[in-house]
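Novice: For reference, the sequence and a predicted model appear below.
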Amino acid sequence: MSSLKTLTVYYDLFGPDAMLTCTIKIDAVNLVTFSITSYLTVQFVLVNLDSLVDAHVDFVSFDPFLQQIAGPCTINLLRGFGNMKTLRLSNDTVECLSYAKTTLHLLPMFNNLTYLDVDLGATESTHEALMDILQKMPKLETLYIPTGFHPDVCMNGKGWILNSVPCCFKSCLKLFCISDFDGGVAEMELLKFVLKNATVLGEIQLFYTDAHLIVKLEVWLNLLASETTENLNSHSA
């Protein structure tokens, strides 16, 4: 359909079960915006989406078994988005990708992508999957986490350091933003990782509701600055 520029796909979670295993082909050469909310097991075949600029993917599932099955479906869908500039991923979508960790290398390089909006949930596996996904985004300029981290997540930083630093951190990431920031362990560890590795970062935006958090942040940033200075002095010695 050559005239179609915006497409929204929504599958009702209470719809007929026959839709769960169907295959949907989308051929839209001038499509600019694509948004999808669907069950994870629906197969999408994307053709001629070279004009796509903005994509939003929300693969909904409350069943861990379905999430494991749906990894290939998610990767197959994202492979059709190679030219987009903006991508928004729900937590369920990232969690699905975390189940397909051994095949994440099948994702294409998103060489035109400059903006990523990614919702992270209550499992550390989604955070590890995020680092793998970022490896496929060499020109990313903005990383936005809209809902902060789930308060039950307690991370010691291993999820951020086990993977190699994404190349976008070293060359082009300019803006890092977290909404609903509460200063939890996982958020602080990610913030520390970004400050340490994003060498061209120009701005960090943290949105929070607790007025006391600013004091905690100031103390933490001062400690981090002292730690960085000590490390530099030890290397120079």
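Specialist: Everything's here; your move.
Novice: residues near residue 200, how many?
Specialist: Residue 200: 12 surrounding residues under other Cβ atoms under 10 Å. From N, CA and C alone the C-beta is placed, and that goes for glycine too.
Novice: Name the nearest residue to residue 50, ignoring sequence neighbours.
Specialist: Among residues not flanking residue 50 along the chain, residue 83 sits closest, at 5.4 Å (Cβ to Cβ, 6 or more residues apart in numbering).
Novice: what about the one you found, neighbour count?
Specialist: Neighbours of residue 83 (other Cβ under 10 Å): 15.
Novice: Begin at 774, not 1, for the rest of this chat.
Specialist: Sure, I'll start numbering at 774, so the last one becomes residue 856.
Novice: Please name the residues that touch it.
Specialist: Residue 856 sits next to 822-825, 885 when contact means Cβ atoms under 8 Å, 6 or more residues apart in numbering.
Novice: now the helices: where do they sit in the chain?
Specialist: Assigned by DSSP state H, the helices in the chain fall at 837-842, 844-851, 864-872, 897-907, 931-934, 940-944, 958-970, 986-1009.
Novice: I'd like to know how far the residue nearest to residue 823 sits from residue 885.
Specialist: Residue 856 is 5 Å from residue 885, where distance means Cβ to Cβ, to the nearest Å.
Novice: quick one on the thing from earlier: would you single out the least confident of the helices of the chain?
Specialist: Mean pLDDT across these is lowest at helix 931-934; the value there is a mean of 53.
Novice: I'd say residue 940 and residue 912 touch.
Specialist: No. Using Cβ atoms under 8 Å, residue 940 makes no contact with residue 912, being 9.2 Å away.
Novice: overlap in contacts of the two?
Specialist: Shared contacts of residue 940 and residue 912 (Cβ under 8 Å, 6+ apart): none.
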